[in-house]
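Enquirer: my questions are about this predicted structure, shown below with the sequence.
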Amino acid sequence: MTDPSDAVKTPPVIHDLTGSILGRFTLRGLLGAGGMGQVYRAEDNTLKRVVAIKRMAPQLQFQERDRKRFLKEAQRASALNHPNIAAIYDVLELKGEILLVMEYVEGVTLRQRLRKPISIEEFLDVAIQCAEGLGAAHQQHIVHGDIKPDNLMLTPAMRVKILDFGVAKRFAHFDPNDATESLTASLSGTPAYMAPEVLLQKPYDGRADLFSLGVTFYEMLGGKQPFQLDSFAGTLARVLHVEVPPLSKVNPSIQAPLAGLVSRMLMKDPQDRYASTADVVADLRKIQQGGKPATAKGDRPHSRTVLQLAVLLAIAIALISWRPARQLWQSLAKKQHETTAQKVPPTEILAVLPFTAVEGNPKLTALGQGLVDSVSARLGRLTEDRALEVIPAGTLQQRSATSLADVRSQYGANLALRMALEQSGELIRVNYSLLNTQDGTVVGGDSVAVPAADAFGVEDDVAQGAVKALQLKLRPEEQAALNVHGTDQPAAYKYYLQARGYLLDYAKTENVENAIVMVGEALKLDPNFGKAKAVLGEAYWRKYWLSKQDRWTKLAQSECDSAVKLGNAGAAGHTCLGLVNDGTGRYREAATEYQRAIELEPTNEDAYLGLALAFEHQGAINKAEEAYQRAISSHPNSPVSYNSLGTFYLRRKEYEKALRMFQKVIALAPEGYGAYVNLGATLSNMGRYAESIEPLKKSIVIRPSYAAYINLGTTYFGLNQFGDAATAYEQAIKLNPNQYVTWGNLGDARKYLGAKNEALAAYRKAVELASQELKVNPHDPDVLSSVASYYSEMGDRDHALLYLGQSLQNGHNDKDILLDAATVYNNLGETGLAVEWLGKTVQAGYPANRIKDLPEFRNLENNPGYMQLVGKSQASN
């Protein structure tokens with residue numbers, strides 16, 4: 001499929017040629033412009049008539065092959081002669097440019113007409129004319145390829161004129177049973193109106209136009225476009241997967257015969273649609289005359305389950321998160337995906353390899369991705385009381401670790417499970433192999449075949465086969481749990497698997513939107529599917545994480561609550577609720593939910609780590625450390641738990657402990673970029689700035705990341721290299737523009753470069769982003785203290801002290817928040833209070849020698865209280 005990024009490339013600027021003379025034509029006015037070019041109202045000076053001239057965009061004329069093909073197609077379309085088709089009079093080449101001379105149509109586009117409601121009578125009249133015009137083209141073996149309201153004109157006399165046949169394509173035989181001679185798709189239309197076979201680059205014919213016309217009819221009668229979403233990928237997912245609600249439900253005034261006609265035009269499989277435009281016209285006329293269509297099959301014809309998946313747009317990247325604080329040193333603390341493995345023989349460390357896409361078969365690819373993710377989770381639940389650690393496929397996919405060498409070097413895995421799927425007719429064959437990562441030898445494996453429609457059977461057989469290959473002996477309760485799905489509907493389970501697959505990389509908006517679409521379909525089939533509710537809740541939360549829009553948190557809370565109340569979501573419902581509660585400041589409730597999840601699933605590592613964070617956010621530090629230790633006890637060789645404990649120590653300023661943890665991780669997995677980020681952050685926090693540059697740069701060489709750049713910026717800041725610091729922060733913002741702390745740090749760097757206006761702009765942006773987070777969690781002391789600092793930098797005393805007071809109330813004597821208090825008072829010119837708060841900062845455990853390195857307090861170097869404070873530090877050191 002065409003790279004989706006092509007759809008959003010900005011075309012070169014094309015200048016308005018109004019008033020110019022091209023051959024015998026004088027261009028009188030610009031009618032419109034787009035990616036394909038410009039359309040002018042022009043006067044034919046020879047024939048003395050008004051015409052429309054389409055000047056093709058220069059970027060479409062670069063290749064001689066493309067020019068010849070376009071000319072041929074336009075010349076063929078010029079042979080069309082029908083009252084409902086805007087005629088093409090001529091095709092010209094003038095001064096190296098291609099011009100289409102077309103009929104000039106007075107009136108409005110259907111898009112403009114739809115700004116007001118349309119009656120059934122008017123709809124039927126317009127619909128019949130549209131179908132008749134398309135029928136004339138199809139009889140000449142020409143498909144339009146971009147039917148939509150914008151390309152349908154209505155004259156003052158309500159005559160339909162179909163525009164833009166100049167870019168139509170020809171198919172050999174309009175025979176619904178002969179797809180082999182049909183067109184092969186090129187993605188050059190409007191995705192929300194394109195037929196599934198076109199989006200999937202399969203052969204297509206005139207029935208693709210019928211789908212597009214059906215979408216237009218639905219929009220005319222239902223008042224909304226049925227497939228359009230904010231993102232390209234989300235739109236594709238809806239076209240490929242979602243059967244839209246019947247029109248009779250969207251608009252109760254629509255009778256079943258007409259709703260059924262439109263539904264049939266929107267069938268995913270072209271063989272389920274009308275065979276020809278003539279059949280559509282015949283049924284429309286019967287409806288117009290009050291009769292029942294002969295070929296319409298009811299309100300919403302049933303079609304086969306469509307599991308085709310749009311080309312995956314996800315780029316596997318690591319997801320970075322940290323406890324928000326204005327401190328200049330940020331650690332890589334995202335617990336699931338930013339880790340490297342701890343290998344302690346003789347434990348088997350099993351990496352479940354991500355599924356490799358099946359070329360030309362997106363349907364099978366989608367199933368495989370969800371299947372591998374689910375099997376990973378099942379095997380992970382079998383690690384209790386066993387010398388087995390499972391690295392999930394999702395974690396590996398986030399890090400693009402797909403080969404045996406990758407999982408061995410980055411995670412210390414000694415075994416890998418690889419799965420491949422093949423489909424033949426109605427059977428799916430799953431080949432799985434257990435491999436030694438050192439030499440690639442096959443330790444075990446098998447091949448199983450199950451009916452394609454049996455989602456349960458596919459997963460059960462693979463999971464059982466993997467258990468057999470691992471030579472695990474299951475207890476009866478484990479055997480029973482291994483076959484639990486949470487629903488009795490295989491189709492719903494397939495949608496659920498696809499949604500899980502999309503959420504493996506939730507840093508991409510389109511992936512989250514696709515997950516929401518897929519799990520929505522699962523819940524339509526089984527509204528009581530608790531695990532699907534939990535996935536939907538998580539997807540909504542990830543949507544908030546990406547957009548920072550508060551409305552998504554309410555939706556997430558509602559779905560997670562529903563998952564728990566259904567009682568069949570298991571630990572997933574409680575971890576979902578814990579995630580949302582913790583993110584919205586309800587830390588005690590979050591801890592309760594995570595504890596319930598652990599009771600239901602003692603091997604759930606995410607629940608232990610979520611519990612630790614919830615305790616940490618409450619200020620219950622001892623309980624938090626205990627929870628991290630419980631996570632390690634539950635998974636003694638887990639990369640996630642060890643890394644999380646290291647970042648916990650880093651946040652607590654216990655640098656030596658953190659340093660030992662990250663050095664150990666790097667020794668075991670020298671190609672894991674996340675550990676280098678954490679090592680660099682730790683060294684930077686210790687004031688060892690020069691030493692921290694090497695691991696941070698090494699991390700960037702392995703893989704550029706937001707966390708590496710923000711830490712590198714902070715390191716340069718500590719070395720007073722403010723220009724380099726600003727550059728690094730700008731790189732971090734390019735990778736993640738919605739994090740307030742990066743903008744605040746950039747403001748600091750610009751301030752010391754003397755760029756006052758640029759610094760103020762960065763601080764304002766930081767306040768804007770931080771304020772969005774406070775809407776979700778108004779009690780977060782770190783965010784509150786950050787906002788106070790930014791306001792003090794901007795000279796806004798009232799707001800600075802307001803937010804500082806709220807921060808200190810919630811801060812539990814946190815060292816960084818106390819330091820921010822000193823910063824605020826110093827910025828406001830109250831140096832006595834600044835020194836007083838610096839003293840409190842040191843008493844709380846902040847290294848006094850580090851304070852001396854902070855440039856924001858250099859104005860205090862002649863202050864006796866300040867010098868006494870840092871002087872004691874130097875003496876003690």
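Expert: That came through, no problem. Numbering: from 1, shown residues only.

Enquirer: what's the first helix or strand after the helix or strand of the chain with the lowest mean pLDDT?
Expert: Across the helices and strands of the chain, the lowest-confidence element by mean pLDDT, DSSP states H and E is strand 183-184, at a mean of 40. Next helix or strand after strand 183-184 toward the C-terminus (DSSP states H and E): helix 196-199.

Enquirer: that next one packs against which elements?
Expert: Here helix 196-199 touches strand 203-204, helix 206-222, helix 232-241, going by 3 or more C-beta pairs under 8 Å, 6 or more residues apart in numbering; DSSP states H and E. Glycine gets a C-beta too; all of them are placed from N, C-alpha and C.

Enquirer: pull out the buried positions in stretch 480-489.
Expert: Residues of stretch 480-489 classed as buried by neighbour count (16 or more other C-beta atoms under 10 Å): 482, 485-487, 489.

Enquirer: how long is that stretch end to end?
Expert: Distance across stretch 480-489, first residue to last, is 18 Å (C-alpha to C-alpha, to the nearest Å).

Enquirer: residues in contact with it?
Expert: 378, 381-382, 456, 459-460, 463-464, 467, 474, 493, 496, 522, 525-526, 529-532, 568-570 (C-beta atoms under 8 Å, 6 or more residues apart in numbering).

Enquirer: in PyMOL, how would I select the buried members of those?
Expert: Buried residues among the contacts of stretch 480-489 (16+ other C-beta under 10 Å), as a PyMOL selection:
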select buried, resi 378+381+382+456+459+460+463+464+467+493+496+522+525+526+529+530+531+532+569+570
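
Enquirer: next step: the contacts of stretch 480-489 restricted to helices.
Expert: The helices, defined by DSSP state H, take in 378, 456, 459-460, 463-464, 467, 493, 496, 522, 525, 530-532 from those.

Enquirer: for the stretch 601-750 of the chain, what spans make up the helices?
Expert: In the stretch 601-750 of the chain, the segments counted as helices under DSSP state H, counting those that start in this stretch are 605-618, 621-634, 639-651, 655-668, 673-685, 689-702, 706-718, 722-735, 740-752.

Enquirer: and Asp146, which of these is closest to it?
Expert: helix 722-735 (34.5 Å; C-beta to C-beta).

Enquirer: kindly calculate the angle that the closest one makes with helix 740-752.
Expert: 150 degrees (axes from the mean of the first three to the mean of the last three C-alpha atoms, to 10 degrees).

Enquirer: which parts of helix 722-735 are buried?
Expert: 722, 724-729, 731-733, 735.

Enquirer: stretch 74-88 now?
Expert: Buried residues in stretch 74-88 (16+ other C-beta under 10 Å): 74, 76-78, 80, 82, 84-88.

Enquirer: quick check: the farthest pair among the buried residues of helix 722-735?
Expert: The farthest-apart pair in the buried residues of helix 722-735, when distances are taken by C-beta to C-beta, is Phe722 and Leu735, at 20.6 Å.

Enquirer: got a list of what Gly223 touches?
Expert: 117, 250-251.

Enquirer: check Arg408 too.
Expert: By C-beta under 8 Å, 6+ apart, the neighbours of Arg408 are 414, 437-438.

Enquirer: now with 6 Å, please.
Expert: Contacts for Arg408 (C-beta atoms under 6 Å, 6 or more residues apart in numbering) come out as Thr437.

Enquirer: just the element for it, please.
Expert: Arg408 is part of helix 404-411 when elements are defined by DSSP H and E.

Enquirer: next, the angle from that helix to helix 673-685.
Expert: 30 degrees.

Enquirer: CA atoms of helix 404-411 as PDB?
Expert: Extracted C-alpha coordinates of helix 404-411, given in PDB (Å, rounded to 0.1, in the frame of the first residue of the first chain):
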ATOM      1  CA  LEU A 404      17.400 -14.000  18.300                       C
ATOM      2  CA  ALA A 405      20.500 -11.700  18.500                       C
ATOM      3  CA  ASP A 406      18.400  -8.800  19.600                       C
ATOM      4  CA  VAL A 407      16.600 -10.600  22.500                       C
ATOM      5  CA  ARG A 408      19.900 -12.200  23.600                       C
ATOM      6  CA  SER A 409      21.900  -9.000  23.700                       C
ATOM      7  CA  GLN A 410      19.200  -6.700  24.900                       C
ATOM      8  CA  TYR A 411      17.400  -9.000  27.300                       C
END
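
Enquirer: now do that helix against helix 689-702, angle only.
Expert: 160 degrees.

Enquirer: give the rounded mean pLDDT of helix 404-411.
Expert: Taken as a whole, helix 404-411 has a mean pLDDT of 80.

Enquirer: which SSE is immediately downstream of that helix?
Expert: Defined by DSSP H and E, the subsequent element after helix 404-411 is strand 415-424.

Enquirer: neighbours of Lys565, just the number please.
Expert: Using other C-beta atoms under 10 Å, Lys565 has 11 other residues around it.

Enquirer: Thr437 now?
Expert: Thr437 has 22 neighbours, counted by other C-beta under 10 Å.
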